[in-house]
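Colleague: build me a structure from this.
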Amino acid sequence: MIADNLARLRERIAAACDRAGRSPDEILLVGASKQVPPDRIQEALDAGLTALGENYIQEAVPKIAAMERPATWHFIGHLQRNKAKIAAESFDLIQTVGTEALARALDRHAEARGRPLPVLLEVNLAGSPERPGVLPSDVARLADTVAALPHLHLQGLMGMPPAQEDPESARPYFRTLKRLWDALHNENRMTLSMGMTGDFEIAIEEGSTLIRVGTGLFGARGTGESERGVTG
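Modeller: Residues are numbered from 1 along each chain as shown. Model prediction:
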């Protein structure tokens, strides 16, 4: 049952925090609910989950409308500029801003919200041109640009290491992301989103404040896709 999975995740989060000398209250668990049907999402909310992450705009919008219990909704997939308007209208936080062009599109559409739209910069930790996100060397420049936009609120960074067999191999990438996050201005250093089902304990040890867990909460998906996703 999802309630049992959630309880076990909270125990593992608490243990990781204990090893790192941190409080579990510092960690937000976001349920990565891509391809998870609304009834199972509702089950997670009923069990006490408060935040959900979706990868696909067209899948997320009806789910958001269907929920009986309020939740905070994060967009964690690759966001195309032509979907910036509906993303700004539908989500409480966009975790995957990786270009100035996308940031400016979101800023234009966020004005109608009447309050700033929280965003994170997605960092391309692999440094590969095939991967989305801003390169580590360009984070400071993009952060200054996004922070200056009037209708966005830059709250931190998100990143995902390259796929590895050994979760311990993710540690250097998490340390890189934490150093970049530490270099942000104080007002932009609210959230450090790193860690998924296979490596969230290491991410917490390295300073994560938000973990994105899909299969560890909802069970395995049929497609074998990652919790990060590849398209918006």
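Colleague: can you pull out the helices in the chain?
Modeller: Ranges of helices in the chain, per DSSP state H, are 2-20, 38-46, 57-66, 84-90, 100-110, 139-147, 171-182, 200-205, 215-218.
Colleague: nearest to L125, of those helices?
Modeller: helix 171-182 (4.6 Å; C-beta to C-beta). From N, CA and C alone the C-beta is placed, and that goes for glycine too.
Colleague: in that closest one, which residues are buried?
Modeller: R171, Y173, F174, T176, L177, K178, L180, W181 (16 or more other C-beta atoms under 10 Å).
Colleague: the residue nearest to the first one when sequence neighbours are not counted and D46, how far apart?
Modeller: It refers to R171. Of all residues beyond its chain neighbours, the one nearest R171 is I202 (5.4 Å), with distances taken as C-beta to C-beta, 6 or more residues apart in numbering. Separation of I202 from D46 (C-beta to C-beta, to the nearest Å) stands at 30 Å.
Colleague: what do you get for L157?
Modeller: L157 sits 31 Å away from D46, going by C-beta to C-beta.
Colleague: these two: who's more crowded?
Modeller: Applying other C-beta atoms under 10 Å to L157 and D46 shows that L157 carries more neighbours, namely 28 against 12.
Colleague: list the residues that contact that one.
Modeller: The neighbourhood of L157, defined by C-beta atoms under 8 Å, 6 or more residues apart in numbering, consists of L120, L121, E122, V123, V139, L177, L180, W181, L184, T191, L192, S193.
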